[in-house]
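**Student:** sequence-free structure coming up:
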């Protein structure tokens, strides 16, 4: 009974700690998510892009279920409901990660410590975006795959198919990761078949299991079929390739190659520790493939780190416990318990410091405003709606707050849905490339003017909104005989008189 109470305590604490790292401040994607959800509720799912003044853009609603859900929450209860929704799924994520790690490693304390470590990898990504749901799905997918191989029960095959449908509904742009997670088990089966009896000569600590390949293939094929049973056609298969191979990778922070930072140090620690211990303890071949694959996957793009951590965390826990069992280190663990008991005051202070640390993070994150005029043109948008024809003006804006303008029913030039402004998604569209070229030329007015002249001739801008602290905020004063018609502490609006 005592062990049961401890499990319940740890799983609740895991969920609560994860919620502390949720920031109340909204990311720009939330605004067009609300608008997209409302559009789908009125018009259904299509490929029309209705929010900017640009024509003939293709916008595939890859997160249509999530868009509808967020729009419903906002329409009924406002931003508070969206924030509570994110807190709820952050709690579920913490609980799920602890549960899966515990069931695989049979160690509650180690699993709890891994969840604490995981918070540093999730910090940037716990927001009102579809990934908050996909993280939970990937956590359970890993567990159901693990159980499918271990038990050969068709129940887990059924659950994997259901999860695939849910992911396709809420976040199909990452669905390719879902079926890629099957590959280590196929690799284990193929490796064992190729090497046959000579398998153990390479490394006696690497274990290859008898995999029910028919059940695995059947589940895998069924999951692939679900990718065709959506209103999105082939987009779940093609979207990741188009995005990674595009110029967007040089603009979107999440697509940058992973840098050494506090968000990745925790993941690197786990992956390196796992591989080091694997040399000295028995490990399944599929887990080895997972560990190596996740190293590559995490460094391809910054946003992959949380997903990689989800996969590596239970493998890390299982490997650590396997190492302890193989070398009978439990006696030394008892000595460690004695050490804790002897120096309980020191350990008590360390725990107190950590509690103060996470509580301070929670206070900072949860006390923020949903959005401020420092990031989004709150007052400028009000001015536009009250003094200009917001549906017919052709407004040049910066990418980072275009979605907020859409939220205010103003049609911008560009927003953070960078993929729709590329020829790989919208035929003959080079808006993003032109925008990047303009940004790169903003070092001097001499470089900026010829690039801007080409854009203004092509897109016929009537107005410009930009942040005052940017270099081009001053360039517009001397270009196209423009004049300032609005200004606040952060933003300035120009009317271009020669259009």
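**Tutor:** Yep, it's here. These numbers were taken from a predicted model, which means no experiment stands behind them. Numbers count the residues shown, from 1 in each chain.

**Student:** Pull the distance from the top helix by length along the chain to the chain's centre.
**Tutor:** If each helix of the chain is counted by residues according to DSSP state H, the longest one is helix 79-105. In terms of Cα atoms, centre = their mean, to the nearest Å, the centre of helix 79-105 is set 14 Å apart from its chain centre.

**Student:** what angle separates the helix or strand just after it from helix 79-105?
**Tutor:** With elements assigned by DSSP states H and E, the helix or strand that comes after helix 79-105 is helix 108-122. Angle of helix 108-122 versus helix 79-105, following axes from the mean of the first three to the mean of the last three Cα atoms, to 10 degrees, is 140 degrees.

**Student:** now the helices: where do they sit in the stretch 351-499 of the chain?
**Tutor:** Listed in chain order, the helices of the stretch 351-499 of the chain (DSSP state H, counting those that start in this stretch) span 378-387, 402-407, 431-440, 445-459, 472-475.

**Student:** of all those helices, which lies closest to residue 155?
**Tutor:** Of all the helices of the stretch 351-499 of the chain, helix 402-407 sits nearest to residue 155, with 41.5 Å by Cβ to Cβ. C-beta: built from backbone N, CA, C; applies to glycine.

**Student:** Quick check: buried residues in that closest one?
**Tutor:** 402-407 (16 or more other Cβ atoms under 10 Å).

**Student:** Comparing the helices of the stretch 351-499 of the chain, which stretch has the densest surroundings?
**Tutor:** Of these, the one with the most neighbours on average (mean count of other Cβ atoms under 10 Å) is helix 402-407, at a mean of 25.

**Student:** This structure - how does it break down into domains?
**Tutor:** Listed by automatic domain parsing, the domain ranges of the chain are 2-366, 378-496.

**Student:** Got the phi and psi for residue 411?
**Tutor:** When read as degrees, to the nearest 10, the backbone of residue 411 gives phi -90, psi 110.

**Student:** Contacts only, for the closest residue to it other than its chain neighbours.
**Tutor:** Residue nearest to residue 411 in three dimensions, not counting chain neighbours: residue 53, with 4.4 Å by Cβ to Cβ, 6 or more residues apart in numbering. With contacts defined as Cβ atoms under 8 Å, 6 or more residues apart in numbering, the neighbours of residue 53 are 393-395, 411-413.

**Student:** so which of those would you say is closest to residue 223?
**Tutor:** residue 412 (38.0 Å).

**Student:** out of the contacts of residue 53, which are buried?
**Tutor:** The neighbour count (16+ other Cβ under 10 Å) marks 394-395, 411-413 as buried among the contacts of residue 53.

**Student:** re the thing from before, how about the helices of the stretch 351-499 of the chain, which one is nearest residue 91?
**Tutor:** Comparison of the helices of the stretch 351-499 of the chain against residue 91 by Cβ to Cβ identifies helix 402-407 as nearest, at 26.8 Å.

**Student:** so how far is the helix or strand harbouring residue 192 off the chain centroid?
**Tutor:** Using DSSP H and E, residue 192 falls within helix 183-195. On the basis of Cα atoms, centre = their mean, helix 183-195 sits 30 Å off its chain's mean C-alpha point.

**Student:** which is the next helix or strand following that helix?
**Tutor:** Next along the chain after helix 183-195, taking DSSP H and E as the criterion, comes strand 206-207.

**Student:** just checking, what packs against the helix holding residue 192?
**Tutor:** With contacts taken as 3 or more Cβ pairs under 8 Å, 6 or more residues apart in numbering; DSSP states H and E, helix 183-195 sits against helix 213-226, helix 285-300.

**Student:** Could you export those to CSV, including columns for mean pLDDT?
**Tutor:** Formatted as CSV, the helices and strands packed on helix 183-195 follow (pLDDT from 0 to 100):
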stretch, mean pLDDT
helix 213-226, 94
helix 285-300, 80
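
**Student:** Of those helices, which stretch is the most buried?
**Tutor:** Of all those, helix 285-300 carries the top mean neighbour count, a mean of 20, counting by mean count of other Cβ under 10 Å.

**Student:** quick one: that helix to helix 183-195, angle?
**Tutor:** Using the same axes, to 10 degrees: helix 285-300 against helix 183-195 is 130 degrees.

**Student:** and the next element down the chain from helix 285-300?
**Tutor:** Next element after helix 285-300 (DSSP H and E): helix 305-326.

**Student:** Report the buried residues of that following helix.
**Tutor:** The neighbour-count check on helix 305-326 (16+ other Cβ under 10 Å) flags 305-324 as buried.

**Student:** before we move on, back to that, closest one to residue 21 among the helices and strands packed on helix 183-195?
**Tutor:** Here helix 285-300 is closest among the helices and strands packed on helix 183-195 (Cβ to Cβ), at 18.8 Å.

**Student:** what helices or strands is the closest one leaning on?
**Tutor:** Packing partners of helix 285-300 (3+ Cβ pairs under 8 Å, 6+ apart): helix 183-195, strand 206-207, helix 262-278, helix 305-326.

**Student:** Worst mean pLDDT among these?
**Tutor:** Across these, helix 262-278 has the smallest mean pLDDT, namely a mean of 58.

**Student:** mind showing which ranges of the stretch 351-499 of the chain have poor pLDDT?
**Tutor:** Within the stretch 351-499 of the chain, the segments meeting pLDDT under 70 span 479-481, 497-499.

**Student:** go with 80
**Tutor:** 351-355, 357-359, 361-362, 364-367, 391, 424, 442-443, 445, 470-482, 497-499 (pLDDT under 80).

**Student:** I'd assumed residue 62 was in contact with residue 235.
**Tutor:** Yes. At 6.1 Å, residue 235 and residue 62 qualify as touching, with contact defined as Cβ atoms under 8 Å.

**Student:** which one of the buried residues of helix 402-407 sits closest to residue 49?
**Tutor:** Comparing the buried residues of helix 402-407 against residue 49 with Cβ to Cβ places residue 406 closest, at 10.6 Å.

**Student:** rewinding a little: now do the shared contacts for residue 235 and residue 62.
**Tutor:** Taking Cβ under 8 Å, 6+ apart as the criterion, residue 235 and residue 62 both touch residue 172.

**Student:** if we can go back for a sec, show me which positions of the longest helix of the chain end up buried.
**Tutor:** By 16+ other Cβ under 10 Å, the buried positions in helix 79-105 come out as 79, 82-83, 85-87, 89-102, 104-105.

**Student:** Distance to residue 435 for the contacts of residue 53 - can I get that in TSV?
**Tutor:** Formatted as TSV, those follow (distance: Cβ to Cβ, whole Å):
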residue	distance to residue 435
393	18
394	15
395	14
411	16
412	12
413	8
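
**Student:** Which ones among these map onto strands?
**Tutor:** residue 395 (DSSP state E).

**Student:** and which of the contacts of residue 53 is nearest to residue 359?
**Tutor:** residue 412 (39.3 Å).

**Student:** residues near residue 162, how many?
**Tutor:** 12 (other Cβ atoms under 10 Å).

**Student:** wait, is it part of a helix?
**Tutor:** Yes. Under DSSP: H, G, I helix; E, B strand; the rest coil, residue 162 sits within a helix.

**Student:** how far away is it from residue 156?
**Tutor:** Separation of residue 162 from residue 156 (Cβ to Cβ, to the nearest Å) stands at 11 Å.

**Student:** want to throw the helices and strands packed on helix 183-195 into TSV with distance to residue 388?
**Tutor:** Output for the helices and strands packed on helix 183-195, formatted as TSV (distance: least, Cβ to Cβ, whole Å):
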stretch	distance to residue 388
helix 213-226	46
helix 285-300	43
